[in-house]
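Peer 1: predicted structure and sequence below. I'll ask about it afterward.
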Amino acid sequence: MNPAAILWLIAGCLMLQPLSTDLYLASLPHLATDFGVSPAAVQQTLSLFVVGFGVAQLISGPLSDRFGRRPVLLWGLGIYIVASLACALAPNLQLLVAARFVQAVGCCTAAVVARALIRDVYAPAEGAQMLAKASSLLALAPIFGPILGGYLQVWFGWRAAFVFHTLFCVALAAAAARLLAETNAHRNPAATQPRHLLAIYRRLAGAESFWAYALPGALSYAAIFAFISGSSFVLIKVLGVPTEYYGYGFAFGVTGYLLGTIVCRRLLVRVGLARSVMAGATLSLFAGLLFLALALAGVRHWTVVVGCLFLTMGAHGINFPCAQTGAVAPFPREAGAAAGLLGFFTMVVGFITGTWIGLSHDGTLLPLAATSAVLDALLFASALGFRQRRAALA
């Protein structure tokens, strides 16, 4: 395949997740009003998406190891299209939550195949560079998605976001069907056998080389998911930002992710994969402590949330490309399973974070700031604790 085709397909597959979570963020407070439910109930549309995304990766990864990346990806995109239509037509919150769960199954398949495809085609260092490039393109989704979502909410209501999901995935599926060649040269017929699969996951879960990157990466995702879950309620309901303007604030914060991926690419060349993780973790810690300090000082302004989101996203732009590549690289024969386990653990941490954000919301900035600070402190501690192990793998 043409390298440019690989890059755009990987970026498109990875874009599905931020589009699925970010495009309708401005609609969350309005969903609570329309369905007459609490913010915690509406958070289930995010939390159950995260659960579906995480659990399905344990299956979709091994399926791609057995049957190949191309057929599994096309089936996953088909599931996503059907589920997105169901979301757009959902008559109540319960059916919307159920459809979101199924939508996540298709979405996670695309993400897992994209990560495994990188491992199929590139060596670890080259794979990190390719993933950082794809992440730079990926940043377009969370930058422009919330802006578009805010206007879709104002013009058409919350269902329009899921119509957009459907159309985007139809275009992606058509491109994948035309451009994607099979990259799995070592298909394993035993990859989905329960006993064999359990043995693989047991081996991965016991490998320090996996956790040296997976743990900081998962906690980095949890740190940004705290903002994904709570920023619309804080900015719109607490700080009075108009719905149509929310997307601009969130998009500015997400430009930090784009800059972070650019910094990541330069760090990888200059200091390597292992030390790049420490740089991202240090920035994460600074962002979390700054947010908590400003909230405790009583500073109530939208720039506090957006500015700390910018820093947290910038750190994630460094952390996550490194984590995705580093966690999968030691396992070339089980790349799909390793990518799936990484995604599962990441989504478990994200689910816990999103649930806590919904339950702890009290009409102030403090719960979001405190959660952010704790997660960033744990991220820094995990990166520091595995520093020697990453250095040994380099």
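Peer 2: Arrived safely, thanks for sending. Worth saying up front: this structure is predicted, and the values here are computed from it rather than measured. Numbers count the residues shown, from 1 in each chain.
Peer 1: any idea how far Gly350 is from Phe227?
Peer 2: Distance of Gly350 to Phe227, given as CB to CB, to the nearest Å: 12 Å. In short, each C-beta sits where N, CA and C put it, glycine included.
Peer 1: show me where pLDDT drops low in the stretch 1-150 of the chain?
Peer 2: Across the stretch 1-150 of the chain, the ranges flagged by pLDDT under 70 are 1, 3, 119-132, 135.
Peer 1: strands of that one, start to end?
Peer 2: Listed in chain order, the stretch 1-150 of the chain contains no strands at all (DSSP state E, counting those that start in this stretch).
Peer 1: who are the packing partners of the helix or strand harbouring Arg265?
Peer 2: Taking DSSP states H and E as the definition, Arg265 sits inside helix 243-270. When contacts are defined as 3 or more CB pairs under 8 Å, 6 or more residues apart in numbering; DSSP states H and E, helix 243-270 sits against helix 124-138, helix 140-156, helix 208-232, helix 272-296, helix 302-328.
Peer 1: using TSV, lay out those together with mean neighbour count and distance to Ala111.
Peer 2: Conversion of the helices and strands packed on helix 243-270 to TSV gives the following (neighbours: other CB atoms under 10 Å; distance: least, CB to CB, whole Å):
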stretch	mean neighbour count	distance to Ala111
helix 124-138	22	10
helix 140-156	21	12
helix 208-232	26	12
helix 272-296	21	20
helix 302-328	26	9
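Peer 1: just tell me which of the ones you listed ends up closest to Thr33.
Peer 2: Comparing those against Thr33 with CB to CB, the closest turns out to be helix 140-156 (11.5 Å).
Peer 1: any idea how far the next helix or strand after the closest one is from the chain center?
Peer 2: Heading C-terminal from helix 140-156, the first helix or strand you meet, by DSSP H and E, is helix 159-179. A distance of 18 Å separates the C-alpha centroid of helix 159-179 from that of its chain, computed with CA atoms, centre = their mean, to the nearest Å.
Peer 1: average pLDDT for helix 159-179?
Peer 2: If you average the pLDDT over helix 159-179, you get 89.
Peer 1: so which elements touch it?
Peer 2: Helix 159-179 makes packing contacts with helix 3-22, helix 69-89, helix 93-121, helix 140-156 when contacts are defined by 3+ CB pairs under 8 Å, 6+ apart.
Peer 1: any idea which of those is most buried?
Peer 2: Across the helices and strands packed on helix 159-179, averaging neighbours per residue (mean count of other CB atoms under 10 Å) puts helix 93-121 on top, at a mean of 24.
Peer 1: so it versus helix 3-22, what angle?
Peer 2: Orientation note: helix 93-121 sits at an angle of 160 degrees relative to helix 3-22 (axes from the mean of the first three to the mean of the last three CA atoms, to 10 degrees).
Peer 1: so which elements touch helix 93-121?
Peer 2: If contacts are counted by 3+ CB pairs under 8 Å, 6+ apart, helix 93-121 sits against helix 3-22, helix 44-67, helix 69-89, helix 124-138, helix 159-179, helix 302-328, helix 335-360.
Peer 1: of those, which is nearest Leu384?
Peer 2: Checked against CB to CB, the stretch from these lying closest is helix 302-328, at 13.4 Å.
Peer 1: what angle sits between the closest one and helix 140-156?
Peer 2: Orientation of helix 302-328 against helix 140-156 (the same axes, to 10 degrees) gives an angle of 130 degrees.
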